[in-house]
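Colleague: Sharing a sequence plus its predicted fold:
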Amino acid sequence: MDFALNDELLAMKEEARKFTEKEIVPNADKWDEEHHFPLDVIKKMGELGFYGTPIPEEYGGTDVGFLAQMLLCEEVSRGSSSIRVAFNTQCLGTALSILRHGTQEQKQKWIEPIINGDKIGCFAISEPNAASDVMSMKTHAERSGDGWILNGSKIWISFASRADVGIVYAYTDKSKGSKGLSAFVVDMHSEGITASDLDKLGTRSSPTSEISFEDVKLPEDAILGGEGAGAKVVFGSLNQTRLCCAAGGVGLAQACLDTAVQYSNEREQFGRPVGKFQMNQALIAEMAADIEAARMLLYRAAWQKDQGQLGNVLETSYAKYAASNAATKAAEYTMRILGSYGYSTEYPAARFYRDAILYHIVEGTTNVQKMIISNDLLGYRKANR
Ligand SMILES: Cc1cc2nc3c(=O)[nH]c(=O)nc-3n(C[C@H](O)[C@H](O)[C@H](O)COP(=O)(O)OP(=O)(O)OC[C@H]3O[C@@H](n4cnc5c(N)ncnc54)[C@H](O)[C@@H]3O)c2cc1C
């Protein structure tokens with residue numbers, strides 16, 4: 001067992017840290033306050049090759065893998081949990097699905113522009129009445145001539161209002177159950193698509209939208225993985241985007257800890273730095289141990305994917321579950337250590353607190369992770385594919 005990151009991975013992590021310190025950290029609070037989506041930064045990360053690490057070179061990637069992607073994602077999330085969403089929209093939930101299930105033409109057309117940030121991506125699963133219960137979605141596509149007509153609505157779709165391309169899930173034959181769900185690569189500028197942003201508590205530099213599809217004409221070659229492959233595509237994709245959430249949670253939790261440690265050494269009460277009080281030390285120790293544990297689970301799951309185990313649902317769920325808990329706990333403890341200053345907008349602690357709770361919700365709620373884990377252990381449903 002080797003826990004060391006090799007020189008290449010360390011160099012990438014360092015590059016992402018420097019990028020985050022320079023481009024993201026000084027602006028993150030302002031962007032959050034203004035609900036600003038920094039498109040230029042999202043594109044720059046593409047130009048730097050941040051998104052393309054699990055993509056082969058022939059499609060414009062660097063082929064250095066999932067662990068590399070998680071290290072980059074973790075570092076970016078230390079600066080802004082909003083910005084880390086781009087790893088999912090620009091690779092794990094879009095380009096990677098096309099790589100795994102697309103035709104040669106689809107791969108050549110879409111992958112490179114998405115991972116290099118030329119085209120903004122999104123993936124649309126959730127609907128107003130179908131979220132954890134993915135298969136209860138209602139969006140549907142009917143055959144029409146040599147293509148498809150798409151109708152329905154989606155909600156909570158990251159980057160959708162700015163997206164050029166989306167992986168959209170829709171039933172092509174509801175009577176076939178899970179075998180009737182299909183995935184489509186959709187040009188988001190097509191006639192009949194409208195997307196409008198939703199207001200939300202946190203993650204405010206990452207636009208989240210509802211989308212309406214009204215008689216949207218799709219070409220025959222928009223279908224991804226063939227008719228009826230939607231369930232395979234969506235659950236395969238969720239198992240990769242979920243790990244990005246784990247990386248985001250670990251990065252955000254680390255940002256909390258960094259803030260809490262620095263403040264504890266600076267702020268004095270009763271003539272001593274507040275870090276000298278054992279009750280604050282306990283909070284810091286708990287945070288640190290939780291973050292380390294979540295990080296190890298994250299790196300193990302990423303490493304497994306690099307060994308070809310993309311169906312490591314169980315280990316991915318462990319990582320996401322642990323990272324969500326680490327993030328929310330660290331955000332709360334940091335707020336407690338910073339006291340009123342934490343509650344103010346002077347420090348990023350309030351943003352961390354608002355952003356952290358999202359990790360219990362997206363890419364499978366914490367309850368869903370518990371279901372996956374317990375169903376596997378109880379022998380009801382094997383998690384790994
Ligand atoms: C900021 C943001 C960005 C998002 N980005 C995207 C995106 O890009 N693409 C996309 O498709 N979706 C996206 N989502 C949607 C997100 O994935 C869903 O919100 C998530 O799946 C949970 O759905 P829900 O909130 O409607 O909860 P519901 O599924 O309605 O669940 C409500 C509650 O019941 C619990 N629950 C549900 N079923 C069970 C069960 N069987 N057993 C125990 N508990 C259960 C849940 O854990 C939750 O606590 C985003 C959401 C947000 C907030």
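Modeller: Thanks, I have the structure now. Numbers count the residues shown, from 1 in each chain.
Colleague: What does the pLDDT read for Pro54?
Modeller: Per-residue pLDDT puts Pro54 at 98.
Colleague: I'd like the distance from the closest residue to it other than its chain neighbours to Asp7, if you could.
Modeller: Excluding the flanking residues, the one nearest Pro54 by C-beta to C-beta, 6 or more residues apart in numbering is Phe66, at 5.3 Å. For the C-beta atoms, the positions are set from N, CA and C on the backbone; glycine is no exception. Phe66 sits 18 Å away from Asp7, going by C-beta to C-beta, to the nearest Å.
Colleague: about what we covered before: the residue nearest to Pro54 - how many residues pack around it?
Modeller: For Phe66, the neighbour count with other C-beta atoms under 10 Å is 24.
Colleague: can you list contacts of stretch 351-371?
Modeller: Stretch 351-371 is contacted from outside by 28-29, 32, 81-82, 88, 132, 201-204, 238, 241-242, 244-245, 248-249, 252-253, 255-256, 259, 317-318, 320-321, 323-325, 327-328, 330-332, 334-335, 342, 372, using C-beta atoms under 8 Å, 6 or more residues apart in numbering.
Colleague: Now the buried members of these.
Modeller: 28-29, 32, 81-82, 88, 202-204, 238, 241-242, 244-245, 248-249, 252-253, 255-256, 259, 317-318, 320-321, 323-325, 327-328, 330-332, 334-335, 342, 372 (16 or more other C-beta atoms under 10 Å).
Colleague: near the ligand too, which of these?
Modeller: Thr203 (C-beta under 6 Å from any ligand atom).
Colleague: List the ones among the buried ones among the contacts of stretch 351-371 that fall in helices.
Modeller: Among the buried ones among the contacts of stretch 351-371, the ones falling in helices (DSSP state H) are 28-29, 32, 238, 241-242, 244-245, 248-249, 252-253, 255-256, 259, 317-318, 320-321, 323-325, 327-328, 330-332, 334-335, 342, 372.
Colleague: can you pull the contacts of Ser206?
Modeller: Each residue near Ser206 by C-beta under 8 Å, 6+ apart is listed here: 37, 82-83, 85-86, 158-159.
Colleague: ok, these vs the ligand, which is closest?
Modeller: Nearest to the ligand among those is Ser158, at 3.5 Å by C-beta to the nearest ligand atom.
Colleague: Show me what from the stretch 101-250 of the chain comes close to the ligand.
Modeller: Proximity of the stretch 101-250 of the chain to the ligand (C-beta under 6 Å from any ligand atom) is limited to residues 123-126, 131-132, 156-158, 200, 203, 208.
Colleague: which one of those is nearest Ile98?
Modeller: For these, the residue nearest Ile98 by C-beta to C-beta is Phe123; the value is 10.8 Å.
Colleague: Does that closest one touch Ile157 like I think?
Modeller: Yes - assessed by C-beta atoms under 8 Å, Phe123 is found in contact with Ile157 at 7.5 Å.
Colleague: neighbour count winner among these two?
Modeller: Phe123 (28 against 25).
Colleague: Just want the phi and psi numbers for the more buried one.
Modeller: phi -130, psi 130 (degrees, to the nearest 10).
Colleague: Now it. Nearest residue, chain neighbours left out?
Modeller: Nearest in space to Phe123, with sequence neighbours left out and distances taken as C-beta to C-beta, 6+ apart, is Gly93 at 3.8 Å.
Colleague: how close does the one you found get to Lys329?
Modeller: Look at Gly93 and Lys329: by C-beta to C-beta, they are 27 Å apart.
Colleague: Please identify the residues of the stretch 251-385 of the chain in proximity to the ligand?
Modeller: So the stretch 251-385 of the chain meets the ligand at 358, 361-363, 365, 367-368, 371 (C-beta under 6 Å from any ligand atom).
Colleague: Going by distance to Ile167, which of these wins?
Modeller: Taking those together and measuring to Ile167 by C-beta to C-beta, the closest member is Glu363, at 14.2 Å.
Colleague: Give the helix, strand or coil label for the closest one.
Modeller: The local conformation at Glu363, judged by DSSP: H, G, I helix; E, B strand; the rest coil, is coil.
Colleague: Report the contact partners of the residue nearest to it when sequence neighbours are not counted.
Modeller: Closest residue to Glu363 apart from its sequence neighbours, by C-beta to C-beta, 6+ apart: Arg242 at 4.2 Å. By C-beta under 8 Å, 6+ apart, the contact list for Arg242 reads 316-317, 320, 363-364.
Colleague: For this protein, which segments count as strands?
Modeller: Using DSSP state E, the strands of the chain run over residues 121-124, 140-144, 147-158, 165-171, 181-187, 193-197, 208-219, 223-224, 268-269, 272-273.
Colleague: Quick check: which of the ones you listed is buried the most?
Modeller: Stretch with highest mean neighbour count among the strands of the chain: strand 121-124 (a mean of 30; mean count of other C-beta atoms under 10 Å).
Colleague: packing partners for that one?
Modeller: If you count contacts as 3 or more C-beta pairs under 8 Å, 6 or more residues apart in numbering; DSSP states H and E, strand 121-124 packs onto strand 147-158, strand 165-171.
Colleague: Throw the contacts of Ser206 into a markdown table and include pLDDT, thanks.
Modeller: Output for the contacts of Ser206, formatted as a markdown table (pLDDT from 0 to 100):
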| residue | pLDDT |
| --- | --- |
| Phe37 | 98 |
| Ser82 | 98 |
| Ile83 | 98 |
| Val85 | 98 |
| Ala86 | 98 |
| Ser158 | 98 |
| Phe159 | 98 |
